[in-house]
Every structure is written in C-alpha cells, then in structure tokens.
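Q: Here's my sequence, what's the structure:
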Amino acid sequence: MSLKTLEEIAQFIVSDGKGILAADESNPTCGKRFDSIGVESTETNRRDYREMLFRSSGMKDNIGGVILFDETLRQDAQDGTPLVELIKSQGALPGIKVDKGLKPIDSSPDESITQGLDGLDDRCKEYFALGAKFTKWRAVIKISDSVPSDECIEANMRALADYAKIVQNNNMVPMVEPEVLMDGDHSIEECFDASDKSLKSLFKHLQENEVNIKGTILKPNMITSGSKSATQADVDEVARRTLDCLIANVPSELPGITFLSGGQSDLLATAHLDAMNKIGGFNWKLSFSYGRALQAPALKAWMGKTENMFISQDALSHRAKMNRLASLGQWAEELEDE
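A: Numbers count the residues shown, from 1 in each chain. Predicted coordinates for the structure are as follows:
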C-alpha cells in the first residue's frame, strides 16, 4: 500500500464499504470484558485475543483500519511478527488511541474534559515511527437536566481541534470522536441538540486551526434516544435524525464518517448504518468504527480457549462482513442467518 498523503490514507480506510475495528480498550476496560468470560487479563492473554481477531479471514476486504492501545502497538504475535505488520498484511492500516482519558471540569464536576495534549507531539513522533497511520481522540458529552454546558462542549471541541493539528503535523490522519453518550433517559431531540452543538463547535475549531478536513475522519455517535428513555426511536427515525444532524454540520469534503456503536446491540448498530446508506444524499463515506458491536460475539465464542479460536474468528468475520454491507446500503436482516 503506497499511501503517501493524509487524504489518501483517510480515503483508503473507508474505501469500498470498509470500516474500522476499534481494539483500543485500555487494560482496565479489557479486564472487565475478560472478567465477563472468566479469563484473566494478562499481557499475554490480551495479545493472544487481539492476534486472533487480527488473523480472522473477515479482516480482509471488510476492515480498512484498526485502532490500537499503546501496549498492542508494541506487541509481537506468537510467531514473532509485529502485530502492526499482521494488520497491514490483512489489508488494513494500524491506528493508535492517543488521548489520556477524562478528568472532571473544575467548574462543572459532572462533566469531563479529555486529557493528553501535553507531550502529544513527542508521542505522535514515536507512534509514527512504530507504524501508526492514523490516531484517535475521544471527547465525552453527557446529557442530563443541567448538562451539557456550553463550557464543556467548547473546551472539548477545542482540544479535539488542537489534537488534530498536532497529529497532521506528524503525518498521521486524526480521527475526531465527539461522543454524546447514550446513557440516560433523555429524548432523541435532546441527543440531536447536544450533537448539533458539538459538531458546530468542532468544525469551527478545526477550521480555525487550519486542519486539513480532507485528511480527517469523524467518529460520531448516532442520534438516538437515551438508553433509559421510555420512548425509543425506531431505526428509520434514528437514521433520518442522524443524517439531518450530519448534513447540517459536516463539510462535504470530509472523506469519511465512521460511527461509534455507543452501547447499541450488534444488530441495531448494523441496521442503523444500513438505513442511513439506503437513504443516501451525502458525499462522505458513511461507515463504522465499532468495538463491542464487532467484538462481542467473538469474545463470547472464544471464552479464552484455544479450541474456540476458529468459531471466534468466524463470529468477528461475520459481523465485519455485515457491517461492510451496511456501509454500502446492501444489508438485510435475513443475511444474518446465512
């Protein structure tokens, strides 16, 4: 893959319906996932699990990029092959999560700001040398009676734009992730309003920082009802509201939008993505950057046992293929049984 420019890298990741496998869980988060199947979260077990995912046949043709955690970027497979090279051999590009997590905002302790700008330039230089082609930074916006505040949105979107500029200066594609959380009993209208404000602020700051939009990928939430809301919007309403919000705020020259699943079930995340692509009417590629919605069936099938490797890989391959079809607007629920 002779990809030299930021634009070429960004376009490749979302080409032909491909999406992103988010495998950048921190060690504590990975520990919780492993606890659910009774597996100890050791460095070797984490490596073996991710190597198994990366060797799945469904990586080819369906996955254009893999987001890694710092530990994984540095690891070798059991046969000594760097995991970065294994990912590239499957036709995908390695990426890296570069933020340092959340801390409460002093004036609004129920809200958070993402940390990690200090030392980011040096980390980017190292990650680029280790083979990373793109990066990810996640901002978190909560909805409740009193939040989100304008201060929280502005501070987080400004940090996303500062991050994006530093990353592009180091020859990597920034993935910007302004996540409005599903957690809560809020309405789909409240999710729309918070997402609309966040995206408006984000692209204003990206423009002010002279970030190359053609060499950037957006990883947003879909516009959904809160997970505890008594009224849950159906697939068509989620698709239409999400597209309305994106079309109003996202420049047409952005190459790709890769949604986070944000706690949606595997099937619902696929169904929503497919519905949007069936509606159409936009210039960007609309694809996926799923963690749990790609990995959950594979993790459940694996159970930490070597003898379950192939059925676990089949589970990941199936979800990757289904989501690629959804990115092309060609998915149907009956295909899940094939």
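
Q: all strands in the stretch 201-338 of the chain, in order from the N-terminus.
A: 217-218, 256-259, 285-290 (DSSP state E, counting those that start in this stretch).

Q: Save those strands as CSV, and put in mean pLDDT and distance to Asn308 too.
A: All C-beta atoms are positioned from the backbone trio N, CA, C, and that covers glycine. Listed next are the strands of the stretch 201-338 of the chain as CSV, based on pLDDT from 0 to 100; distance: least, Cβ to Cβ, whole Å:
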stretch, mean pLDDT, distance to Asn308
strand 217-218, 98, 33
strand 256-259, 98, 29
strand 285-290, 98, 21
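
Q: Which one of those strands lies nearest to Leu335?
A: strand 285-290 (15.8 Å; Cβ to Cβ).

Q: Touching, Leu335 and Arg319? I think so.
A: No. If you go by Cβ atoms under 8 Å, Leu335 and Arg319 don't touch, sitting 11.7 Å apart.

Q: was I right about Ile113 contacting Met157?
A: No. Using Cβ under 8 Å as the test, Ile113 is too far from Met157 to be in contact (10.7 Å).

Q: out of these two, which sits in the more crowded spot?
A: Counted by other Cβ atoms under 10 Å, Ile113 and Met157 do not tie: Met157 has more neighbours, with 24 against 18.

Q: my guess is the more buried one meets Ser198, correct?
A: Yes. Counting by Cβ under 8 Å, Met157 does reach Ser198; the two are 6.4 Å apart.

Q: gap between the residue nearest to Arg47 when sequence neighbours are not counted and Leu130?
A: Spatially, and ignoring its direct neighbours in sequence, Arg47 is nearest to Gln75 (5.0 Å; Cβ to Cβ, 6 or more residues apart in numbering). Relative to Leu130, Gln75 is positioned 11 Å away (criterion: Cβ to Cβ, to the nearest Å).

Q: Of those two, which one has the most company?
A: More crowded of Gln75 and Leu130, by other Cβ under 10 Å: Gln75, with 18 against 15.

Q: give me the number of residues near the residue lying closest to Leu273 once chain neighbours are set aside?
A: Of all residues beyond its chain neighbours, the one nearest Leu273 is Ala326 (4.1 Å), with distances taken as Cβ to Cβ, 6+ apart. Neighbour count for Ala326, taken as other Cβ under 10 Å: 27.

Q: With that, I have no additional questions.
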